[in-house]
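>>> sequence first, then the predicted structure:
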Amino acid sequence: MRIQADVATIDILGHIILWFILVLITFGIAAFFFPYSFSKFILNRSQVIDEHGNPRQMVCHTDIFGNIGHVIIWMIISILTLGLGYAFYFYKVWNYSLNNTSVE
């Protein structure tokens, strides 16, 4: 089995522009929500290909309201560590997103 991601360059560009604008408008607060959007963006465009070549779609089941507590905790950690905690936060978000992803 293998995983194949089909992410178009134009989709990536649109996603980056959207989040750049959101980060500017919210004075950086949106940066704490970006990793969830990023992981969901990639996972929802990925498929698991079995040994027979049959694709099965991956679906990430995270949403903004389920992540608020996680965001607040890591926001505090990032502030207390003067931004160093954000690097760990990005990895924890991927862990959280993968644990909340299913294959259909």
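Arrived safely, thanks for sending. Numbers count the residues shown, from 1 in each chain.
>>> from here on, contacts and neighbour counts on C-alpha atoms
OK.
>>> what does the strand or helix carrying residue 47 rub up against?
Using DSSP states H and E, residue 47 sits in strand 46-49. Residues outside strand 46-49 that contact it (CA atoms under 8 Å, 6 or more residues apart in numbering): 1, 2, 3, 4, 5, 6, 55, 56, 57, 58, 103.
>>> buried stuff in that strand?
Residues 46, 47, 48 are the ones in strand 46-49 that count as buried (16 or more other CA atoms under 10 Å).
>>> just put those residues in CSV and tack on distance to residue 86 and pLDDT.
Shown next, in CSV, are these (distance: CA to CA, whole Å; pLDDT from 0 to 100):
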residue, distance to residue 86, pLDDT
46, 25, 96
47, 28, 96
48, 30, 95
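>>> out of those, the closest to residue 21 would be?
residue 46 (25.8 Å; CA to CA).
>>> beta partners for that closest one?
For residue 46, the residues forming beta bridges with it (DSSP bridges) are residue 5.
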